[in-house]
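> Give me the fold of what follows.
(chains A and B)
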Number of protein chains: 2
Amino acid sequence: MKLALNTATVKLKWNLAQMIDGCVRHGIEGISPWRDQIAQMGLAQAKKSIRDNGLTVTGVCRGGFFADKDWKSDNLRAIEEAHELGSPALILVVGGMAPGTKDLSSWRKQVQDCIATILPEARKAGVALAIEPLHPMQVMRAAVNTLEQALDMCDALEPGGARGTPGVGVAVDAYHVWWDPKLKSQIARAGSRILGYHICDWLPQTRDLFTDRGMMGDGVIDLPLLRSWVEGAGYKGFQEVEIFSELDWWKRDPDEVLATCKARLAVC
Amino acid sequence: MKLALNTATVKLKWNLAQMIDGCVRHGIEGISPWRDQIAQMGLAQAKKSIRDNGLTVTGVCRGGFFADKDWKSDNLRAIEEAHELGSPALILVVGGMAPGTKDLSSWRKQVQDCIATILPEARKAGVALAIEPLHPMQVMRAAVNTLEQALDMCDALEPGGARGTPGVGVAVDAYHVWWDPKLKSQIARAGSRILGYHICDWLPQTRDLFTDRGMMGDGVIDLPLLRSWVEGAGYKGFQEVEIFSELDWWKRDPDEVLATCKARLAVC
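Have a look, this model is predicted:
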């Protein structure tokens, strides 16, 4: 699998222009930019720079957050940006329950309705919606928390199943799903609905619920096994490294981070 | 439902004798002691004091940790202690993968084999083994992480199903399972396998993976809904409050903690 950089990995020290240069310098062929970074650079300039440097856009982060007041207009803009950048998918982090509410089940139904609302626009734009199940400890950020749940949602949204390129699918992030006893069978079920595969590692002594992800090889996830399942399901895309690490990697020289990512592909 | 105190809730400031007195003083009718506290008081004295004070033992914490070198002898001792105290169940926290290993699936199979090994002794002692699924963020402490997984394990261990009092079942802890999209159906499936029901709350801004649980009512778990599901499955036991809270409740006067637990039953 080719390597892509999810730009969150070096977001504290580099802007998007530097990230693009960094990918080229380190022979990383794919990039998945965040929207704030795209906005900062300007969409047209980002598009030109990514294309001129021969990078493949593997995803755009992120749509979703359906509890926000302007969720609909914001998601439509995100679809448009993903389309402009030639991204096959828009990553959806669906958001958590509104403050003061406890009805998780209703919120999950509402999330599905919101995705149904934007799905026709996504189809028109040729941008698939990639629901990303987040680790259950991050349920307040995203109430889709297992691959099975995400795929049930896909099936409800596209009852006919995914034929060819689906309009809605999933992003499989090793960090979020590795613990799941049903992971193998659900990855097999996902098949062509797998729109992205994200990697990093689970540190045995995790110190924070959001920003203490590990570099591949430093934790306990059997990444070659997961990759074999994802490949077995027919996925032919990139593996995209995405490391949130306030306590370690975000502090380091981004060139060291990218060089390490490349080197660690040997254990992925 | 009657209230029980899991003694972890006040473990920093009180010993078992004080916990027993505290339960009596606050009209809490059940207690689920930890084994280190039992050992400190002495098993015979603990048994006598709990009985003399009219408390019901709802569980003993804990067996499991099957990666420990002496897991078998230790679990057999735990069964014996639970039997002595008249506890209906021994809570199993199954343990995580051994350091340096990444084969989660094999480890889970091994856990099941270990439970199978001690199950005949538990049956002889009249103590049911309560597998407690732990939140996926605590997978390194316990590799059973969903109720469905725990129940699949129960079914494998007792293929005939649970008739009357099962030899192996589950402890349902709201904190560990509340996020699960399949929770309602799995609680219904569990039926008489539910050997304990633990409560506390999930704080929206959780600061620690292990010791930042909230007091009932301070978080986002719909506890009355969960209780209704557990009661609907036929559970007639206590609800047992278990709060790990290094940052808040463990610092407070235990009498304030117990008074608050009692008061908050109104929102459980």
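> okay, and for the stretch 51-200 of chain A, where does confidence drop off?
A:162-164 (pLDDT under 70).
> interface residues of it facing chain B?
Applying Cβ under 8 Å from any Cβ of the partner chain, we find that the stretch 51-200 of chain A lies next to chain B at A:96-97, A:99, A:101-105, A:108, A:135-137, A:139-140, A:145-146, A:148-149, A:152, A:178-182, A:184. Heads up, the C-betas are built off the backbone N, CA and C, glycines and all.
> any chance you could map the helices in the stretch 101-250 of chain A?
In the stretch 101-250 of chain A, helices defined by DSSP state H, counting those that start in this stretch lie at A:104-125, A:147-157, A:174-177, A:183-190, A:223-232, listed in chain order.
> The longest one relative to helix B:183-190, how many degrees between them?
What it means is helix A:104-125. 130 degrees (axes from the mean of the first three to the mean of the last three Cα atoms, to 10 degrees).
> got a list of contacts for helix A:104-125?
Contacts to helix A:104-125, defined as Cβ atoms under 8 Å, 6 or more residues apart in numbering or on different chains, come from residues A:63, A:66-67, A:71-72, A:75-76, A:79-80, A:82-83, A:90, A:92, A:94-98, A:101, A:128-129, A:131, A:139, A:143-144, A:149, A:153, A:156-157, A:167-168, B:178-179, B:181, B:184, B:220, B:222.
> send the alpha carbons of it over as CSV?
Only the C-alpha atoms of helix A:104-125 are listed here, as CSV (Å, rounded to 0.1, in the frame of the first residue of the first chain):
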residue,chain,number,x,y,z
LEU,A,104,-28.0,8.7,22.4
SER,A,105,-30.2,6.4,20.3
SER,A,106,-32.2,9.4,19.0
TRP,A,107,-29.1,11.3,18.3
ARG,A,108,-27.8,8.4,16.2
LYS,A,109,-31.0,8.3,14.2
GLN,A,110,-30.7,12.0,13.6
VAL,A,111,-27.1,11.6,12.4
GLN,A,112,-28.4,9.1,9.8
ASP,A,113,-31.1,11.5,8.7
CYS,A,114,-28.5,14.3,8.3
ILE,A,115,-26.3,12.0,6.1
ALA,A,116,-29.4,11.1,4.0
THR,A,117,-30.0,14.9,3.5
ILE,A,118,-26.5,15.6,2.1
LEU,A,119,-26.0,12.2,0.2
PRO,A,120,-27.7,13.4,-3.0
GLU,A,121,-25.3,16.4,-3.2
ALA,A,122,-22.4,14.2,-2.5
ARG,A,123,-23.4,11.8,-5.3
LYS,A,124,-23.8,14.6,-7.7
ALA,A,125,-20.3,15.9,-6.8
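> A:Gly63 should be in a strand, yeah?
Yes. Counting by DSSP: H, G, I helix; E, B strand; the rest coil, A:Gly63 falls inside a strand.
> From B:Val220, how far off is the most far-flung residue of chain A relative to its centre?
The C-alpha centroid of chain A is most remote from A:Gly100, which lies 28.1 Å away (Cα atoms, centre = their mean). Distance from A:Gly100 to B:Val220, counting by Cβ to Cβ, to the nearest Å: 9 Å.
> And for A:Ala259?
Applying Cβ to Cβ, the value for A:Ala259 to B:Val220 is 42 Å.
> Who has more neighbours out of those two?
Taking neighbours as other Cβ atoms under 10 Å in any protein chain shown, A:Ala259 and B:Val220 compare with B:Val220 leading, 21 against 14.
> Touching, the more buried one and B:Asp201? I think so.
Yes. With contact defined as Cβ atoms under 8 Å, B:Val220 reaches B:Asp201; the gap is 7.3 Å.
> helix or strand right after the helix or strand A:Gln45 falls within?
Here A:Gln45 sits within helix A:43-52, counting by DSSP states H and E. Using DSSP H and E, the helix or strand that directly follows helix A:43-52 along the chain is strand A:56-57.
> Quickly run through the sheet partners of that following strand, with directions.
strand A:30-32 (parallel) (DSSP bridges).
> what about the strand it pairs with, average pLDDT?
The average of the pLDDT scores along strand A:30-32 is 98.
> So what touches the helix or strand following it?
As assigned by DSSP H and E, the chain's next helix or strand after strand A:30-32 is helix A:35-41. Helix A:35-41 has contacts (Cβ under 8 Å, 6+ apart) with A:7, A:11, A:15-17, A:19, A:46, A:49, A:60-62, A:78, A:81, A:85.
> Many thanks, we can stop here.
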